[in-house]
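**Student:** the following block contains a protein sequence and its predicted model.
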Protein chains: 6
Amino acid sequence: MTLPQRDKRLAAHLTWQEFDQRVKDNYIFILTVGAIEQHGLHLPIGFDYLMGHEVALELANRYPVVVMPPLQYGYRSQATVGGGDQFPGTTCVGAQALIATVRDILEELLRHGVRRIVVNNSHLENHNFLVEGIELARRNVNLEKHGCKILLTGWGNFVQDATLDALFDGKFPGWDPEHAAVIETSAMLAIHPEYVDMSRLPDESCPRYPKYSIFPTPPDVVTKNGALAPAKGTSLEKGKRILQDVFNGYAEAFKTEFGL
Amino acid sequence: MTLPQRDKRLAAHLTWQEFDQRVKDNYIFILTVGAIEQHGLHLPIGFDYLMGHEVALELANRYPVVVMPPLQYGYRSQATVGGGDQFPGTTCVGAQALIATVRDILEELLRHGVRRIVVNNSHLENHNFLVEGIELARRNVNLEKHGCKILLTGWGNFVQDATLDALFDGKFPGWDPEHAAVIETSAMLAIHPEYVDMSRLPDESCPRYPKYSIFPTPPDVVTKNGALAPAKGTSLEKGKRILQDVFNGYAEAFKTEFGL
Amino acid sequence: MTLPQRDKRLAAHLTWQEFDQRVKDNYIFILTVGAIEQHGLHLPIGFDYLMGHEVALELANRYPVVVMPPLQYGYRSQATVGGGDQFPGTTCVGAQALIATVRDILEELLRHGVRRIVVNNSHLENHNFLVEGIELARRNVNLEKHGCKILLTGWGNFVQDATLDALFDGKFPGWDPEHAAVIETSAMLAIHPEYVDMSRLPDESCPRYPKYSIFPTPPDVVTKNGALAPAKGTSLEKGKRILQDVFNGYAEAFKTEFGL
Amino acid sequence: MTLPQRDKRLAAHLTWQEFDQRVKDNYIFILTVGAIEQHGLHLPIGFDYLMGHEVALELANRYPVVVMPPLQYGYRSQATVGGGDQFPGTTCVGAQALIATVRDILEELLRHGVRRIVVNNSHLENHNFLVEGIELARRNVNLEKHGCKILLTGWGNFVQDATLDALFDGKFPGWDPEHAAVIETSAMLAIHPEYVDMSRLPDESCPRYPKYSIFPTPPDVVTKNGALAPAKGTSLEKGKRILQDVFNGYAEAFKTEFGL
Amino acid sequence: MTLPQRDKRLAAHLTWQEFDQRVKDNYIFILTVGAIEQHGLHLPIGFDYLMGHEVALELANRYPVVVMPPLQYGYRSQATVGGGDQFPGTTCVGAQALIATVRDILEELLRHGVRRIVVNNSHLENHNFLVEGIELARRNVNLEKHGCKILLTGWGNFVQDATLDALFDGKFPGWDPEHAAVIETSAMLAIHPEYVDMSRLPDESCPRYPKYSIFPTPPDVVTKNGALAPAKGTSLEKGKRILQDVFNGYAEAFKTEFGL
Amino acid sequence: MTLPQRDKRLAAHLTWQEFDQRVKDNYIFILTVGAIEQHGLHLPIGFDYLMGHEVALELANRYPVVVMPPLQYGYRSQATVGGGDQFPGTTCVGAQALIATVRDILEELLRHGVRRIVVNNSHLENHNFLVEGIELARRNVNLEKHGCKILLTGWGNFVQDATLDALFDGKFPGWDPEHAAVIETSAMLAIHPEYVDMSRLPDESCPRYPKYSIFPTPPDVVTKNGALAPAKGTSLEKGKRILQDVFNGYAEAFKTEFGL
């Protein structure tokens, strides 16, 4: 019987010896951090981690990369960024859990001798907690002494202003309301189309979008269905252009920071 | 174009409306907790979470179950249970991270209105921390008042003594050293064979197996390759028998506790 | 002897009876959160909290506002946002301290019966930790039940895109590198000029400004003197325009959210 | 235009270079910790931090001292020491917040190379938490190795028994009930009189003053207006005598410990 | 065979039914908190908890009291209060451990329905942490609603000024240096003489006793043998007088607070 | 007057010099951890710590051992292991308290120079938290460098399968339900009979004993009186056989690990 192969891009599918060899070969270890958060009626609640994970897998096709098991649960969804916690299915963790988890995993990787790490964030609300996880780990492990480098980034970071201008005719509303809208939907369409239900693209926007956060969330700052901006206008072509930026950005970062 | 379907057993693949409907339909929500821990030369380091996740997926084939994204990273591997942290690849989290993560996810599920939860543990070292996560959640959410029930179990719990007697000719050495050995390897062979490299079954045992834990770990209580007991003797037939116990056990539990 | 009056805008200068009366009169309580962080050679390290505090004081001139003692120490400075911790004088706190402090103060205000709170942030790195402080407080105090509302914002939030376009000829480099540069320096010049040393305006930029964070900080992403973008071009006129946006923004927010 | 000077005693008003120079010149860095706590009808709720801050500023007039931004919020007010939390305006933080904040700030100062630190406490309830903040910091930074010394004290520590005897005719009731009473009021009158409303000096005492703490606070151990002992008898002359002790005490301490 | 009786004053010796009956009978539950801390050459390192425990046992002889298992380990010894941590044998816990332990035990007692609790502290450094433990417990359990009262005190609180004047000829140096000196030694001699080695009473004092704490501890603020003040002058008579105050004080407190 | 001697097996009864001498003489320091947990109608709620403490005392009769003050309060009782928290008298602590306490005490012992430590656990639910306490301590103190060894064990670990077979005629139901049943009762009868009320041996069993934990606890998994299995059959002879195993086990461990 011929068995299917394990996916050797994934740390979870490696034996400890294979893992060890990749450490010795100075692979880049990518830890994706996402979220379980409503993404409208056309995208799954796992969108953030699924998207980040797809990007990591593609990076492993191109570079010496080990894809660590992604952290699927992210920081508490905020109303004007991801719809907030009033949606069923939005299942998040608090600061303590996220910080401690990231700190512990990084310390383990550094203990194994890993010298190149990418924390690949695809949920905006996670950002500062990932910083704190890294900050705590580097207080316990001397990065300089061991020649280690940790990048904290995410696919959204690499989308160019020129691309946003082109895709939105110069009217990009900013990343915060870009939730389950044109960019996220197009990008997923280009990388893993079965996660997109094109028949249910939302075409609604929040009645208002304040420049501040309000607790508790007033009813008019989130749409009924969960999108914060329309996804109408989603296209495969747009998704491809976005992904091009993303992988160009990663290529540039890997070259500059890791000499690849 | 006909797209492949999302896997609707997985919470991460559902829209928030689909998730919500399953809450209203009183589905069982399963949170698997595993580990990234060396499993000898023949099994991947993700074994614990992969095995638990396969069991959860199969349960979702049989019952109204939502499979939550599994927690892949588990509590620090201990020498005489999983080989300990001296193995490359063994990548664990501490008590604070695990407790807070489980507490937060459970509180979110309970907030959504979920009334039947299974915490499905497949890494022995996790046990007490999962208890504490549940204990903290139930201090914040009144389970009795909302008619909620949380089971804490794992596939290993359901393997019958009679089965162990049969498989080991009455000489089952106990669960602690059963790491990457006959039971785990056979069970995986029966549920997801591509994760098993039958050409590299270990046939070594620890020189000694003390009745206590020692810090730091002495060299003679762990084998060079990571198994704590031989995996020689692994067979598909044994795996099937183990799985039969596991799913019978879950069937009984679901019937008794959830009236299914 | 005629004594100078206490500054009755400041909570710290009130007696408990005066404080109580303002609670009963439904005043807005503003908690400014800043940072002690290098701000180049021309601005003091207390810039973030001083600027936020000045804004809060001016708001108290215009509205029924109580200015709570500001939190001067903010979250760890990050290299590409505030220069990072390699500068002497940058004196920050970690996530635990900031979250717990904000949580505790908010719970106290809510306990006193305060129903309108503004968390006035002037240090970008603080944002998510303030969110967590608020999230934890609202788990302990039911905001909805008591008719309480908490806004999380900051002076930078209210600067309009049109203003940025005008001030930068359409080339605003984004808020992250706007550290000790034209906006901050001009705004302070307009609100409290003695904190600005106009003779030492920096005219240097970082050799490179990556789209991601790097740990440890490479030497070329921070200037020698601490600015991340030039402050040349600072002017009182620009500062006035910025402040106009800020106070218009606050006026709009107070009207919309608090009905003032 | 001649601008007013910044107050170069204050760390917050220094540039990072000025801060750095003072570190190199081996200045004493003073971190005042106070409280926001009711102080009767004649003193503001910021009394503790305001008083401590005034003392620190005066020390900076006399010695090479940098006055760090004071921590205004202190540990939870206790009924028989400061009236307890039943008074509006008393706005405190818990142990976690205070310990973590002090620990983090001290670690930052030590990282900058500061070798002489004074933690200047003016709220009795803070004491042990400041000890713990220092204890945690010194576990992370080796004070002995770097020749650092941290003093934990406060203005009250330096008031001599002879002075108390003189001021109270030998009947000093102890520091605990000395809240918003003769000593505090007189001292403030001497150092910053505009904070004292001499027309409202309380002349009441608690009906009883038990030798233990009671939770919850019984109504008869706190006066209606917040004083625990009479402030009648307050005078500028007494305040001057107290301040003389305070600054003599600091002078002695700086001489003995820092060789000034 | 006639077995010795269990000591029914001790909670640990009761069955759960006996414990339950005492709750229903509204007994006072005493939780002693001590320390393991050097006490010179003539007293054991367990002095603080042993002394507090003896007092609790005697109270159980006189009143309806349940003596909970005492917390033997206390907060970190401070140099000018207990000699500090440079002495072998001084084995302490930090703030987190002490606060969480006290909080948890109190919550358990309150859950059982206990309505009268005494936290009986015999180690000065513990005080604020016990306060925080109580404060956290009473945030989780509504004392007022359930008619519960918690006293925080200790044997030292009840020694009268008149007694101190008499024993020290009006020259009592204060409680802080009263470590392993006349009061502690005499009191133990009166309540449990076998813990005192009268042949080794210290007669030395610290070369200096500053009015502040110094980190790290300078060598001249602690004696070589651990006493902070002489124990010469210890006598059984003095001990009896001290104990008289202690039990009078407890009698008064129980009468006033618990109506006994 | 001839005073009774202190018990020099107990750390609490030693002076700091005696403690120090034992450190220098390389004694084994035993930290017992138990629980306050219902043990049916015939055993006291302190059973776990009392039993562990008796074993430690006997070890001190045989070996160079210092008996540290035992931690009487253990982790939250679980229904199918110790009856759970629905019983009056069951008074437990949570994970944070137990982990922090064990970590701190171990760090103190290691700081004193102790090189041989036994954590002697007699409450099953404690196990993983003791592991975490040790893991955290060894991150702060390098055990290898200082030649330190920590054993984590307990009296139950050493009872041999052959003994269980003999005592239960081959039908030992496992350790989890062995609560206040034959083994515990017999062992206590042999080591400290006055803690056993032979007239009230329970003869009831739980109606069902599921292979998983259920929250909240259903009424049928715990007996009315607290035993999880019958204690009928308890005998002194059985107890002696159990103790023989225990002390043989400790002898073997001390020989193997400490070379005694």
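**Tutor:** Right, received. Where do you want to start? The model shown is predicted, which means the values in this text are computed figures rather than measured ones.
**Student:** do the helix or strand where A:R111 lies and chain E meet?
**Tutor:** Assigning secondary structure by DSSP states H and E places A:R111 in helix A:95-112. No. Remark: helix A:95-112 sits outside contact range of chain E, by CB under 8 Å from any CB of the partner chain, the gap being at least 13.6 Å. Where C-beta positions appear, they are placed from N, C-alpha and C, glycine not excepted.
**Student:** tilt between the next helix or strand after that helix and helix A:95-112?
**Tutor:** With elements assigned by DSSP H and E, the helix or strand that comes after helix A:95-112 is strand A:116-121. Counting by axes from the mean of the first three to the mean of the last three CA atoms, to 10 degrees, strand A:116-121 lies at 160 degrees to helix A:95-112.
**Student:** which residues does strand A:116-121 contact?
**Tutor:** A:26-33, A:52, A:55-56, A:102, A:106, A:109-110, A:127, A:130, A:133-134, A:148-155, A:258 (CB atoms under 8 Å, 6 or more residues apart in numbering or on different chains).
**Student:** could you list which of those residues belong to helices?
**Tutor:** A:G52, A:V55, A:A56, A:V102, A:L106, A:L109, A:L110, A:H127, A:L130, A:G133, A:I134, A:F258 (DSSP state H).
**Student:** and those residues, which two are furthest apart?
**Tutor:** Farthest pair in those (CB to CB) is A:V55 and A:L110. Separation: 23.2 Å.
**Student:** out of those two, which sits in the busier spot?
**Tutor:** More crowded of A:V55 and A:L110, by other CB atoms under 10 Å in any protein chain shown: A:V55, with 24 against 21.
**Student:** can you get me a residue count around the nearest residue to the more buried one once chain neighbours are set aside?
**Tutor:** The shortest distance from A:V55 to any non-neighbouring residue, by CB to CB, 6 or more residues apart in numbering or on different chains, is to A:W155 (4.9 Å). By the criterion of other CB under 10 Å, A:W155 has 26 neighbours.
**Student:** again with A:E144
**Tutor:** 10.
**Student:** returning to that earlier point: does the residue nearest to A:V55 touch A:E58 like I think?
**Tutor:** No. Taking contacts as CB atoms under 8 Å, A:W155 lies outside contact range of A:E58: 10.0 Å.
**Student:** isn't A:S186 up against A:K232?
**Tutor:** No. Here A:S186 does not reach A:K232: they are 11.3 Å apart, not a contact under CB under 8 Å.
**Student:** show me which of these two is the more surrounded one.
**Tutor:** A:S186 (24 against 13).
**Student:** contacting residues for that one?
**Tutor:** A:L167, A:T234, A:S235, A:L236, A:K238, A:G239, A:I242.
**Student:** do that again at 7 Å, thanks
**Tutor:** A:T234, A:S235, A:K238, A:G239, A:I242 (CB atoms under 7 Å, 6 or more residues apart in numbering or on different chains).
**Student:** state the distance from whichever residue of the stretch 1-150 of chain A sits closest to chain E to E:Y195.
**Tutor:** Using CB to the nearest CB, the single residue of the stretch 1-150 of chain A nearest to chain E is A:Q96, 13.6 Å away. Counting by CB to CB, to the nearest Å, the separation of A:Q96 from E:Y195 is 44 Å.
**Student:** also A:F215?
**Tutor:** 57 Å.
**Student:** same thing with A:D220?
**Tutor:** For A:D220, the distance to E:Y195 - CB to CB - is 71 Å.
**Student:** who has more neighbours, the two?
**Tutor:** E:Y195 (23 against 11).
**Student:** surely that one is in contact with E:M188?
**Tutor:** Yes. Shown here, E:Y195 and E:M188 form a contact pair, counting by CB atoms under 7 Å, at 5.3 Å.
**Student:** make TSV out of the ones in helices among the contacts of strand A:116-121 and add pLDDT.
**Tutor:** Converted to TSV, these look like this (pLDDT from 0 to 100):
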residue	pLDDT
A:G52	98
A:V55	98
A:A56	98
A:V102	98
A:L106	98
A:L109	98
A:L110	98
A:H127	98
A:L130	98
A:G133	98
A:I134	98
A:F258	97
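**Student:** ok, what's across the strand from A:V66?
**Tutor:** A:F29 (DSSP bridges).
**Student:** mind listing what it touches?
**Tutor:** Contacts of A:V66 (CB under 7 Å, 6+ apart): A:A11, A:R22, A:Y27, A:F29.
**Student:** quick one, what contacts A:V221?
**Tutor:** Contacts of A:V221 (CB under 7 Å, 6+ apart): A:A79, A:T80, A:C206, A:R208, A:Y209, A:P210, A:I214.
**Student:** which of those residues sits closest to chain B?
**Tutor:** Using CB to the nearest CB, the contacts of A:V221 come closest to chain B at A:A79, 14.4 Å.
**Student:** quick one: that closest one from C:V159, how far?
**Tutor:** 22 Å.
**Student:** against A:A11, how distant is A:V23?
**Tutor:** Counting by CB to CB, the gap from A:V23 to A:A11 is 11 Å.
**Student:** which of these two has more neighbours?
**Tutor:** Higher neighbour count among A:V23 and A:A11: A:A11, with 25 against 17, using other CB under 10 Å.
**Student:** quick check, pLDDT for that one.
**Tutor:** You'll see A:A11 listed with a pLDDT of 98.
**Student:** my guess is it meets A:M68, correct?
**Tutor:** Yes. If you go by CB under 7 Å, A:A11 and A:M68 touch, sitting 5.0 Å apart.
**Student:** the residue in the stretch 1-150 of chain A positioned nearest to chain D: how many residues sit nearby?
**Tutor:** Closest residue of the stretch 1-150 of chain A to chain D, CB to the nearest CB: A:R139 (7.8 Å). If you count neighbours by other CB under 10 Å, A:R139 ends up with 12.
**Student:** tell me which helix or strand it sits in.
**Tutor:** Going by DSSP H and E, A:R139 is part of helix A:127-140.
**Student:** which parts of that helix are buried?
**Tutor:** A:H127, A:N128, A:F129, A:L130, A:V131, A:E132, A:G133, A:I134, A:E135, A:L136, A:A137, A:R138 (16 or more other CB atoms under 10 Å in any protein chain shown).
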